[in-house]
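Student: from the sequence below, what's the structure:
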Amino acid sequence: MAEHEHEHVRVAVIGSGFGGLGAAVRLRREGVTDFVVLERAGSVGGTWRDNTYPGCACDVPSHLYSFSFAPNPDWPRTFSGQGHIRAYLEHVADVFRLRPHIRFDSEVKTMTWNADRLCWDIETAGGPLSADFVVSATGPLSDPRIPDIPGLDTFPGKVFHSARWDHDYDLRGKRVAMVGTGASAIQIVPAVQPLAAKLTLFQRTPPWVLPRVDRAITGAERRLHRRLPVTTRLRRGLLWGIRELQVQLFTKRPDELGLVESVAKRNMARSIKDPALRAKLTPGYRIGCKRILLSSEYYPALAKPNVDVVASGLSEVRGRTVVAGDGTEAEVDAIVFGTGFHVTDMPIADRVVGADGRTLAEAWAAGGMEALRGASVPGFPNWMTVIGPNTGLGNSSMILMIESQLNYMADHLRQLDVLGGRVVLDARPSALHAWNRRVQERMKRTVWNTGCESWYLDANGRNTTLWPGTTTEFRRVTRRVDLSEYEVLRTAAVKKAEVSA
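Tutor: Residues are numbered from 1 along each chain as shown. Coordinates of the predicted model:
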């Protein structure tokens, strides 16, 4: 795109999922119009564009899984499917006039800090540009993870990840291996089971599954929400309040989750009558340690005669034979991986080069991901991430956390305006360490650190993913930028000016 060569903008936003579109809306509302949204694909939507597998839906209620500034009175179900969520994001892009700012097919190759010009030099698939400020909103659920399985590259059948579903491949009458039992897999299994001649589920660790209380939202409800918008806000507020109360069990009183476990066990017992299969499917860890999943169709599908549950992960592929860790073998025509994403090792970190020449991945190599208030990293001035380290939730809507981080972004830009001139803010290492120390200390008593293996934990066993508190608390600690936590950098020589607290 020659017309964008050597272009400079005030803000570059990376990604056009919930985080990126939310950032774009907030920038416009703050009066900032000199920005671009760099999107690697050809349309908006992020994970809700990429995940099109059968049965794909959200496990957070619709009215809570939407922006507070863009309520949708017309959600068709209490838990929305992928298509409706993607349509909502397209609607947001249109209503808030974001499309002129979006550059599609513009995957970011590198982002490099330019100390002479105090800006970020960005190389994209659509050409180079520079920006005073970067908002990385690529999201943790954007790059699929397929485990390194010996022999997989020689498998003569079909192989794909749940986030890259091959709709041209017909699973009817096929012998299918489903690898993984996470949030995607428990939606895929009920959708594929009626089609497949044989479905073999490779389960490394069984999940806790609660009933999914989903229903169609009536026309009368939708008319009420359209005519009286306050009812939409009340519905959202009720859903939010319930989850704010629940979080205390996850973060402070995990030993009191036994009642929730009993509900999950009854959900299993209603469909799984075989004691041996029930034993395979019963977790050996406290509920909530791994993400609690919602489904009323998963267990009935597993009880069907064309389904086998192998209580061991896939370890090897020999031709069309897939072999589990316990030696169990199955002949299959297709392998579907529901094995999650690069969450604690986000690939975008390899593409961000900071002030000292290190990539963000190198900065995080020793201690794992960490960011001041989930946003800023020392050595990466005027750069912030949305849905960054320790901002995830185990029981509520990530949209709440995104909006809190957008408050932080907006105040960061305001502070730069107040300081004036060519100036940037760089997080102090001492502030980051103090913040991360508090977060990890609180993490010790949460249910997520009670001994299970989960995608919340990095290779060192540290929970660098979740927030150990309420969304109300996170909004409070990200309401304003505390300048005492940052160094102010000015001039081409990058002088450091002292700023009082």
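Student: tell me the contacts of Leu89?
Tutor: Shown in contact with Leu89 (Cβ atoms under 8 Å, 6 or more residues apart in numbering): 16-18, 21, 44-46, 48-49. In short, each C-beta sits where N, CA and C put it, glycine included.
Student: how about Val353?
Tutor: The neighbours of Val353, taking Cβ under 8 Å, 6+ apart as the test, are 110-113, 359.
Student: so where do the helices sit in the chain?
Tutor: Along the chain, the segments classed as helices by DSSP state H run 18-29, 47-50, 82-95, 185-192, 219-227, 229-251, 258-271, 275-281, 298-302, 360-363, 398-419, 429-443, 471-477.
Student: turn the ones you listed into TSV, including mean pLDDT and distance to Trp383.
Tutor: As requested, the helices of the chain are exported to TSV (pLDDT from 0 to 100; distance: least, Cβ to Cβ, whole Å):
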stretch	mean pLDDT	distance to Trp383
helix 18-29	98	13
helix 47-50	96	22
helix 82-95	98	24
helix 185-192	98	35
helix 219-227	97	39
helix 229-251	95	29
helix 258-271	95	39
helix 275-281	97	44
helix 298-302	98	41
helix 360-363	96	9
helix 398-419	97	10
helix 429-443	97	13
helix 471-477	98	19
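Student: could I get these as CSV with distance to Pro76?
Tutor: Shown next, in CSV, are those (distance: least, Cβ to Cβ, whole Å):
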stretch, distance to Pro76
helix 18-29, 19
helix 47-50, 15
helix 82-95, 6
helix 185-192, 17
helix 219-227, 8
helix 229-251, 14
helix 258-271, 25
helix 275-281, 31
helix 298-302, 22
helix 360-363, 40
helix 398-419, 18
helix 429-443, 38
helix 471-477, 26
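Student: so which of those helices comes closest to Pro156?
Tutor: Nearest to Pro156, of all the helices of the chain, is helix 185-192, at 20.2 Å by Cβ to Cβ.
Student: around the residue nearest to Asp350 when sequence neighbours are not counted, how many other residues sit close by?
Tutor: Spatial nearest neighbour of Asp350, chain neighbours left out: Ala361 (4.7 Å); criterion: Cβ to Cβ, 6 or more residues apart in numbering. Other residues within reach of Ala361, judged by other Cβ atoms under 10 Å, total 16.
Student: how about Pro211?
Tutor: Quick note: Pro211 (other Cβ under 10 Å) scores 15 neighbours.
Student: any idea how far Ala279 is from the nearest residue to Glu297 once chain neighbours are set aside?
Tutor: Spatially, and ignoring its direct neighbours in sequence, Glu297 is nearest to Pro190 (3.8 Å; Cβ to Cβ, 6+ apart). Distance of Pro190 to Ala279, given as Cβ to Cβ, to the nearest Å: 21 Å.
Student: neighbour count winner among the two?
Tutor: In this view Pro190 and Ala279 are compared by other Cβ under 10 Å, and Pro190 has more residues nearby, 19 against 11.
Student: gap between that one and Lys304?
Tutor: Distance of Pro190 to Lys304, given as Cβ to Cβ: 10 Å.
Student: next one: Ser484
Tutor: Taken as Cβ to Cβ, the span from Ser484 to Lys304 is 61 Å.
Student: what about these two, which has more around it?
Tutor: More neighbours surround Lys304 than the other of Ser484 and Lys304, with 14 against 10 (other Cβ under 10 Å).
Student: could you say what helices and strands the lengthiest strand in the chain packs with?
Tutor: With secondary structure taken from DSSP state E, the chain has its longest strand at strand 127-136. Where contact means 3 or more Cβ pairs under 8 Å, 6 or more residues apart in numbering; DSSP states H and E, strand 127-136 is packed against strand 7-14, strand 119-124, strand 383-385, helix 398-419.
Student: and the shortest one, what's its mean pLDDT?
Tutor: Per-residue pLDDT values across strand 383-385 average out to 98.
Student: adjacent strands (with direction) for it?
Tutor: strand 127-136 (parallel) (DSSP bridges).
Student: residues contacting the closest residue to Asn114 other than its chain neighbours?
Tutor: Excluding the flanking residues, the one nearest Asn114 by Cβ to Cβ, 6+ apart is Asp121, at 5.1 Å. Neighbouring residues of Asp121 by Cβ under 8 Å, 6+ apart: 111-114, 128, 130.
Student: again, only this time at 10 Å
Tutor: Counting by Cβ atoms under 10 Å, 6 or more residues apart in numbering, Asp121 touches 8, 110-114, 128-131, 353.
Student: swap in Ala197?
Tutor: Shown in contact with Ala197 (Cβ under 10 Å, 6+ apart): 171-176, 306, 333.
Student: export the residues you listed to JSON lines and tack on pLDDT?
Tutor: Below are these laid out as JSON lines (pLDDT from 0 to 100):
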{"residue": "Leu171", "pLDDT": "97"}
{"residue": "Arg172", "pLDDT": "97"}
{"residue": "Gly173", "pLDDT": "98"}
{"residue": "Lys174", "pLDDT": "98"}
{"residue": "Arg175", "pLDDT": "98"}
{"residue": "Val176", "pLDDT": "98"}
{"residue": "Asn306", "pLDDT": "98"}
{"residue": "Asp333", "pLDDT": "98"}
